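> The sequence and its predicted three-dimensional model are supplied below.
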Amino acid sequence: MSVPDDEGGVVDSIVGHPVGAVDRMRFGGSRRPTPTTGDPVTGRRESPDPVGGTARPNHPVTPAINTALRVVNDATSTVTGTVHSATGTFASATGTVASATGTLAETVAGAARYTARTFLSPAGLRGLAVEAAWCTAHAASYPWGLLREHVRTDGTYAHYRTDSLSPTQRSLLVTDMTAAGTPILLVHGIMDNRSVFTVFRRALRRRGFGVVHAVNYSVLTGDIRLAAHDLRRHVDRLRERTGSDRVHVVGHSLGGLIARYYVQRLGGDEAVHTLVTLGSPHGGSLAAYLMPTPLTRQVMPGSELLAELAEPAPRCRTRFLVVWSRMDQLIVPQGNARLEHSDLDVRTLELADVGHMSLSMHPRAVHWVASSLARLDDPVERSAVPPSRSPSAGG
């Protein structure tokens, strides 16, 4: 089909040509092809934008490729971050496993030493027998210890009669009236009650100490700090009832750690002249891992509470008497029952073959504590026990 063009020529328009309309100038006219752009690979053409004059992409594959590249980049970033995170987690887990392995090795070594010391020596076997006998007797008296004890102020001077005592017993009596009149407060350990001090309290009374009072705290106690606040109330009440400015506190096992927190962190050094600890976990105990509760976590080595007690205490005025045993089955390692603090006045008695529960009734421990309490401020006593005192003790 031929049609006239604008310049008087004739243009043949071939409709249906495979590549579109083809214009030919048949009578001397010049050819004016329509400008097109296209993909040299696929041959797909792009027509000019009638408004802006720029090419308009007609290839549907290009946006899909761009989208796919973005998805691949995002996926690569995600995988890289995941790998880095997994690497850090693995490193952390490796450190945890190494720490746990070291702790386990230390526990096994301590158990081996304890077993050899206990079962391979006559003294160890004797200490084990005493521990078993005392635990049996203590279990029988445990229900009686659940009853609350009232402060007996009338007994302050009722125990000073010596006519019924032998000369040897008289020589052991307290001769300092101020020391004898200083009240003594007894604090038991975890899952226990005041019955653990049955022998200890009787021995102190026979030595001439007038007021020896034992208290119970709840077996449901889950925080040493709260128990220390409760102990402060008991101390204030005892001071009020007896009219004494200061008291002595004796703590067995966890009771010693509770009393130490009260003295160091709650200002108890103003009210407590001497704090006696019997088998208390001053450095923590690995045995706490066997029963992980909120309370036992506080006595695990390196706990936040133990770190708090290790902080400087330059103004603490309380004297510390620490009794610990190399055969203590609940303080692991046993040396953690020692108190080492450069700011505290510490005097230590080390025992070799005494179990944890027996510390509150062992004759040597009772005699050493009673003799120390009978002399409130004796400088000779302070320097007279270098073999058994802690290296960090002052003096």
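Received it, and whenever you're ready, just let me know what you need.

> V196 reaches H252, doesn't it?
Yes: using CB atoms under 8 Å, V196 makes contact with H252 at a distance of 5.8 Å. (Each C-beta comes from the backbone N, C-alpha and C, glycine too.)

> what do those two both touch?
Common neighbours of V196 and H252, using CB atoms under 8 Å, 6 or more residues apart in numbering, are H188, G189, S360.

> between those, which is nearest V366?
S360 (8.4 Å; CB to CB).

> residue contacts, that closest one?
V196, F197, V199, F200, H252, L278.

> Of these - the most surrounded one?
L278 (33 neighbours; other CB atoms under 10 Å).

> For that residue, give its distance to E131.
14 Å (CB to CB, to the nearest Å).

> and for the helix or strand hosting Y262, what are the contacting residues?
Taking DSSP states H and E as the criterion, Y262 maps to helix 254-265. For helix 254-265, the external contacting residues (CB under 8 Å, 6+ apart) are 186-190, 217, 224-225, 227-229, 231-232, 235, 249, 251, 268-269, 272, 275-282, 299, 305, 308-309, 313, 316, 318, 320, 339.

> taking these one by one, which sit in strands?
L186, V187, V249, G251, V272, L275, V276, T277, L278, F320 (DSSP state E).

> and the residue nearest to the second one when sequence neighbours are not counted, how many residues sit next to it?
Beyond its immediate neighbours in the sequence, the residue positioned closest to V187 (CB to CB, 6 or more residues apart in numbering) is G255, lying 3.5 Å away. For G255, the tally of surrounding residues (other CB under 10 Å) stands at 30.

> got it, and T221?
16.

> low pLDDT regions in the stretch 101-250 of the chain?
Scanning the stretch 101-250 of the chain for pLDDT under 70 picks out the ranges 102-103, 107, 110, 119, 152-175.

> What are the boundaries of the helices in it?
For the stretch 101-250 of the chain, the helices defined by DSSP state H, counting those that start in this stretch cover 122-145, 167-171, 177-181, 198-206, 224-242.

> Give the PyMOL command for selecting the buried subset of the contacts of helix 254-265.
Provided next is the PyMOL selection string for whichever of the contacts of helix 254-265 are buried by 16 or more other CB atoms under 10 Å:
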select buried, resi 186+187+188+189+190+217+224+227+228+231+232+235+249+251+268+269+272+275+276+277+278+279+280+281+282+299+305+309+313+316+318+320+339
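
> re the thing from before, looking at the ones in strands among the contacts of helix 254-265, which one is closest to V151?
Closest to V151, out of all of these and judged by CB to CB, is L186, at 12.2 Å.

> contacting residues around that closest one?
194, 197, 200-201, 212-215, 249-252, 255.

> who's it bridged to?
A214, V250 (DSSP bridges).

> Now do it against V79, distance only.
Distance from L186 to V79, by CB to CB: 64 Å.

> Look at the closest residue to G124 other than its chain neighbours and say how many residues are nearby.
In space, and not counting its chain neighbours, G124 is closest to T118: 4.1 Å by CB to CB, 6+ apart. T118 has 19 neighbours, counted by other CB under 10 Å.

> got it, and the one 3 residues further on?
The tally of other residues near S121 (other CB under 10 Å) stands at 14.

> Could you pull up the contacting residues of it?
D353.

> how far away is it from R326?
Distance from S121 to R326, by CB to CB: 11 Å.

> Mutual contacts of the two, please.
With CB under 8 Å, 6+ apart as the test, S121 and R326 both reach D353.

> Can you get me a residue count around R201?
Neighbours around R201, by other CB under 10 Å: 22.

> do the same with the one 5 residues further on
For R206, the neighbour count with other CB under 10 Å is 14.

> What separation do you get for it and F200?
On the measure of CB to CB, R206 and F200 end up 11 Å apart.

> Let me know whether L278 touches V250 as I believe.
Yes: between L278 and V250 there is a contact at 7.1 Å, judged by CB under 8 Å.

> quick one on the thing from earlier: could the ones in strands among the contacts of helix 254-265 go into JSON lines alongside distance to S371?
Listed next are the ones in strands among the contacts of helix 254-265 as JSON lines, based on distance: CB to CB, whole Å:
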{"residue": "L186", "distance to S371": "18"}
{"residue": "V187", "distance to S371": "21"}
{"residue": "V249", "distance to S371": "17"}
{"residue": "G251", "distance to S371": "19"}
{"residue": "V272", "distance to S371": "19"}
{"residue": "L275", "distance to S371": "16"}
{"residue": "V276", "distance to S371": "12"}
{"residue": "T277", "distance to S371": "17"}
{"residue": "L278", "distance to S371": "15"}
{"residue": "F320", "distance to S371": "16"}
